[in-house]
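Q: Structure, please.
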Amino acid sequence: MFNYMKKTLLFLLPFLMLSLTASAQGLPSVIVKNLLGENINVNTIENGEYPIVLSFWATWCKPCIKELNTIQDMYEDWQDDTGVKIIAISIDDARNASLVAPFVNGRAWPYDVFIDENSDLKRAMNVVNIPHVFLLDKDKQVVWQHTSYAPGDEEELYDQILELVGEGK
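A: Residues are numbered from 1 along each chain as shown. Here you go, the predicted structure:
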């Protein structure tokens, strides 16, 4: 029994370490592009004393689009209530990067949108599956994250934002 537990612990240890590392990380120094094709270092993103949400998505990811469309309907109220800034990070690769701006403009998303066409930020933030949402505090430290999307997940995100800014339950 002890050997089984020891083997299980040794197997799970890297995953536990990865989750601890991901929860303590901030924004790395990684270059992405804005919709105009200009280079932006992610760690220069600011929102003053307010939280930031990073949402990793792609033009081909239906749950990602559904999540960002749903949040769009509430985003103005979220900003008024909490000061949150949402940044959508497209992981479309170099072949599809030119599709991102028309895609976003056609939906009139009010978010800042960046393109991580080489997946450098995706790797640095340990993103495996999308949609993947990170909530960052005013110091740009990851305080919460969520992968996948189901209707209602946006409410959980908003509850986390409210808790972070001190207005939670």
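
Q: For the chain, which element, helix or strand, carries the lowest mean pLDDT?
A: Least confident helix or strand of the chain, by mean pLDDT, DSSP states H and E, is helix 2-24 with a mean of 46.

Q: Show me which positions of the next helix or strand after that one end up buried.
A: Next helix or strand after helix 2-24 toward the C-terminus (DSSP states H and E): strand 31-34. By neighbour count on 16 or more other C-beta atoms under 10 Å, the buried set for strand 31-34 is 32, 33. Where C-beta positions appear, they are placed from N, C-alpha and C, glycine not excepted.

Q: Give me the sheet partners of strand 31-34 and which way each runs.
A: Its sheet considered, strand 31-34 pairs with strand 39-41 (antiparallel), strand 112-115 (antiparallel) by DSSP bridges.

Q: what's the most buried one of the ones you listed?
A: Counting by mean count of other C-beta atoms under 10 Å, strand 112-115 has the highest mean neighbour count of those, with a mean of 22.

Q: what mean pLDDT does that one have?
A: Across strand 112-115, the average pLDDT comes to 96.

Q: Stretch 142-150 now?
A: Per-residue scores along stretch 142-150 average to 95.

Q: for stretch 69-77, same thing?
A: Averaged across stretch 69-77, pLDDT comes to 95.

Q: tell me how far that stretch is from the chain's mean position?
A: 16 Å (C-alpha atoms, centre = their mean, to the nearest Å).

Q: Show residues contacting that stretch.
A: For stretch 69-77, the external contacting residues (C-beta atoms under 8 Å, 6 or more residues apart in numbering) are 55, 78, 86, 107, 108, 109, 110, 111, 151, 154, 157, 158.

Q: quick check, nearest of those to residue 143?
A: Distances from residue 143 to the contacts of stretch 69-77, taken as C-beta to C-beta, are shortest for residue 157 (11.8 Å).
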